[in-house]
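Turn this into a model:
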Amino acid sequence: MTVQDIRAFNRFYTNVIGALDYSRRLYAPYTLTESRVLYELAHSPRTDAADLRAELSLDAGYLSRILNKFEQDGLIERAPARQDPRRRHVTLTPRGRETAALLAERANESVGALLSTVPAADRPRLAEAMLTVREILSEGRTPRREDAVLREPAPGDLGWIVQRNAALYAAEYGWNADYEGLVARIVADFAGDHDPRLERVWIAELDGRPVGCVMCVRDEAPATARLRLLLVEPEARGLGVGDRLVGAVVDFARGVGYRELVLWTNDVLTAARRLYRRHGFVLVAERPHRSFGKDLVGQDWRLDLHPAPG
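Below you'll find the predicted structure:
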């Protein structure tokens, strides 16, 4: 393979996907770069301007103009970050989320139309070839925080949540099939009946593979949401994936009007408990129990999403 081979492939692929025409056909009235910023904001809810500059390699002045435009269009809100008031925290408004979803839908339709021209028998070979390119060109490179993205679940992801929870907790904590049954029921309840305005699942993806998940569902108590099934694969730990997943749930629950966010966990899950405490959750009760083939101490945690000022 030569440099010219790669350049020829790049020219071919650019023409196939119509990347040079994206801003006019798919992302109007926004440019491709502006749409990339919206995408990052939609998939990384706890983001500030410095994060965006680093993740997208954008000039500070250029990014500032984009964010100003978004603010004028009512797509974003900016406020001092809680941990560091010198940094500006950027979040999408409901209108911004709708716009990001519309642009994503257009892009999905365009790629779907392209994929429809590929015979079904050739699609596995195409997917394997694309994955091979990604793996070879990224081999030896340490994953970065910005390589992980949060997204909506795709077909098969809910099954992945059940399988990985069962396998990971069996390997790391020795939990038996009772836990798999619990996870399966939680996922089945969500799949069978949920309100997309008030309940949501996030999948963390790294290099095209799911590496984490979390759910936000309605609780029995009024105006209360419940965080469930937080999981991060060992290969993705240390990249801030768990922090982003919990932050996504907190921001979503607060944004749609819940007053409280609660969760149940066990004291052996020390890394998860540190995450919850970092996001402001408070331990409110704990009790011993025998579950999943082990003697455990269950814990109830609570976060007030709208604390009184002062």
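
and the residue most central in space within the chain, what are its bridge partners?
Closest residue to the average C-alpha location of the chain: L150 at 1.9 Å, with Cα atoms, centre = their mean. Per DSSP bridges, the residues bridged to L150 are A204.

Please name every helix or strand in contact with the host helix or strand of I6.
Using DSSP states H and E, I6 sits in helix 3-17. If you count contacts as 3 or more Cβ pairs under 8 Å, 6 or more residues apart in numbering; DSSP states H and E, helix 3-17 packs onto helix 94-116. (Each C-beta comes from the backbone N, C-alpha and C, glycine too.)

what element comes up after the helix it packs on heading to the C-terminus?
helix 123-138.

Quick one: neighbours of R185, just the number.
11 (other Cβ atoms under 10 Å).

Of all the residues in the strand or helix carrying it, which ones are buried?
Element membership of R185 [criterion: DSSP H and E] is helix 177-192. Of the residues in helix 177-192, Y179, E180, L182, V183, A184, I186, V187, F190 count as buried by neighbour count, 16 or more other Cβ atoms under 10 Å.

host element of L230?
Element membership for L230, per DSSP H and E: strand 224-232.

pLDDT of the helix or strand following that strand, averaged?
Sequence-wise, the next helix or strand downstream of strand 224-232 (DSSP H and E) is helix 241-255. Taken as a whole, helix 241-255 has a mean pLDDT of 92.

I'd like the mean pLDDT over the helix or strand that helix 241-255 is followed by, please.
Counting by DSSP H and E, the next helix or strand C-terminal to helix 241-255 is strand 260-266. Averaging pLDDT along strand 260-266 gives 96.

Send me strand 260-266 as CSV with only the CA atoms.
Presented in CSV, the C-alpha positions along strand 260-266 are these (Å, rounded to 0.1, in the frame of the first residue of the first chain):
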residue,chain,number,x,y,z
GLU,A,260,-35.4,13.8,42.9
LEU,A,261,-33.1,11.1,41.5
VAL,A,262,-32.7,7.9,43.4
LEU,A,263,-30.8,4.6,43.0
TRP,A,264,-30.1,1.3,44.7
THR,A,265,-26.7,-0.2,44.8
ASN,A,266,-24.5,-2.5,47.0
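
other SSEs contacting that strand?
So strand 260-266, by 3+ Cβ pairs under 8 Å, 6+ apart, packs with strand 224-232, helix 241-255, helix 270-278, strand 294-304.

Looking at these, which is nearest to P80?
In terms of Cβ to Cβ, the element of those nearest to P80 is helix 241-255, at 15.8 Å.

contacting residues around the closest one?
Here helix 241-255 makes contact (Cβ atoms under 8 Å, 6 or more residues apart in numbering) with 44-46, 91, 94, 148, 150, 200, 202, 204, 206, 211-216, 225, 227, 230, 232, 261, 271-272, 275-276, 278-280, 303, 305-306.

Please pull out the lowest mean pLDDT helix or strand from the protein.
Lowest on mean pLDDT, DSSP states H and E among the helices and strands of the chain sits helix 22-25, with a mean of 54.

helices and strands around the helix or strand immediately after that helix in the chain, which ones?
Sequence order places helix 32-43 as the next helix or strand after helix 22-25, per DSSP H and E. Judged by 3+ Cβ pairs under 8 Å, 6+ apart, helix 32-43 is in contact with helix 22-25, helix 49-56, helix 60-72, strand 88-92, helix 94-116, strand 148-151.

Could you dump the ones you listed into TSV and include distance to A129?
Shown next, in TSV, are the helices and strands packed on helix 32-43 (distance: least, Cβ to Cβ, whole Å):
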stretch	distance to A129
helix 22-25	23
helix 49-56	27
helix 60-72	34
strand 88-92	35
helix 94-116	14
strand 148-151	22
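
my hunch is that P153 is in a helix, does that hold up?
No. Checked against DSSP: H, G, I helix; E, B strand; the rest coil, P153 lies outside a helix; its state is coil.

ok, now which ones touch it?
With contact set as Cβ under 8 Å, 6+ apart, P153 has these partners: I161, V201, W202, I203, C213.

Return the subset of those lying in helices.
Counting by DSSP state H, those place I161 in helices.

which one of the contacts of P153 sits closest to E220?
V201 (19.5 Å).

Can you report how many residues lie near that closest one?
When neighbours are defined as other Cβ under 10 Å, V201 has 21 of them.

Ok, A129 next?
The burial count for A129: 10, using other Cβ under 10 Å.

ditto for L239
Other residues within reach of L239, judged by other Cβ under 10 Å, total 21.

So it versus Q299, what's the distance?
In this view, L239 and Q299 are 26 Å apart by Cβ to Cβ, to the nearest Å.
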